[in-house]
Each structure stands twice: as C-alpha cells, then as structure tokens.
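Q: Turn this into a model:
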Amino acid sequence: MDLKLVDGEAFELITALQRQCPELPILVLSQYDEKFYASRVLQVGARGYLMKETATEHLLGAIRMIMDGKLYLSPAMTARLLQKSLAAEAKRKGESRHQRSAVGGQKTEVEGQPSGVRLHSGKRE
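A: Next comes the predicted model:
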C-alpha cells in the first residue's frame with residue numbers, strides 16, 4: 001500500500017481493511033519519512049513501513065517478515081521506537097535516572113539500577 005496523505009485517507013483505509021480482514025498483512029511503502037508516519041500506520045493496523053528510498057534493498061525481507069506475522073520497521077526506526085517506549089515506561093514508573101557527576105575515571109552509580117551496577121565515565125580503569 002502506498003501512503004498518500006490526503007486528509008488522513010490512508011490511515012482510514014488501513015483501519016477499515018483491518019476491521020474487515022484482521023489477518024491481512026499490510027506493508028506501507030512510502031516516500032514520507034518514517035520518523036513521522038511509521039508508528040502511526042502500525043497503530044492503525046499496518047504490519048510494516050518501508051520508505052521508497054530503501055525499498056529495493058529491503059522489500060523482499062519486509063514482505064517475508066509481515067507474511068510470517070511479524071512487524072517490519074527499519075533498524076533505525078525500531079531503535080527510535082524502542083527508546084521512546086523505554087523512556088515512557090521509566091517515566092510511568094517514576095524511576096529516576098539521574099546520575100551523580102563523574103570526574104575523570106571515577107565510577108558513577110545510577111539511581112534505580114540494581115545494586116552493584118555502575119557506569120564508567122568513558123575512561124578505562
């Protein structure tokens with residue numbers, strides 16, 4: 001499916017298709033930047049998002065993944081969404097991730113981490 005953003009019609013179509021045929025694997029192939037649309041199409045029922053500029057390299061793999069019941073996103077988008085999800089989870093739990101300032105090669109403890117977990121300031125000891 002191509003994503004043409006005319007008054008949100010593509011999102012409505014994906015929603016309608018999923019309502020009618022929930023097992024239908026939809027892969028969106030688009031010229032629009034995945035940063036802005038990939039998570040939205042997944043939320044309305046698509047199983048993957050692929051930008052046209054990378055389609056030749058990844059299209060067959062993306063089709064195979066969604067046909068196997070998996071989701072497909074580029075590695076960069078997967079990392080972006082995972083990071084966003086982890087940040088939201090930490091915020092929801094009220095965990096504090098503040099670090100004590102590190103000077104030189106001193107170890108820094110991170111609040112909310114299991115005891116004994118320490119971050120290093122970047123210098124090897």
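
Q: For stretch 15-34, buried residues please.
A: Across stretch 15-34, burial judged by 16 or more other C-beta atoms under 10 Å covers 17, 18, 25, 26, 27, 28, 30, 32, 34. Every C-beta, even on glycine, is put in place using the N, C-alpha and C of the backbone.

Q: can you pull the contacts of the first one?
A: Counting by C-beta atoms under 8 Å, 6 or more residues apart in numbering, residue 17 makes contact with 24, 26, 45.

Q: What about those, which are in strands?
A: Among the contacts of residue 17, no member is found in strands (DSSP state E).

Q: pLDDT added to those, as a markdown table?
A: A markdown table is the format used below for these (pLDDT from 0 to 100):
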| residue | pLDDT |
| --- | --- |
| 24 | 94 |
| 26 | 95 |
| 45 | 95 |
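
Q: Which one of those is nearest to residue 12?
A: Proximity of the contacts of residue 17 to residue 12, judged by C-beta to C-beta, is greatest for residue 45, which lies at 10.9 Å.

Q: Chain neighbours aside, what residue packs nearest to that closest one?
A: Leaving aside its sequence neighbours, residue 45 sits nearest to residue 18 (C-beta to C-beta, 6 or more residues apart in numbering; 3.3 Å).

Q: Name all residues that make contact with that neighbour.
A: Residue 18 neighbours (C-beta under 8 Å, 6+ apart): 24, 26, 44, 45.
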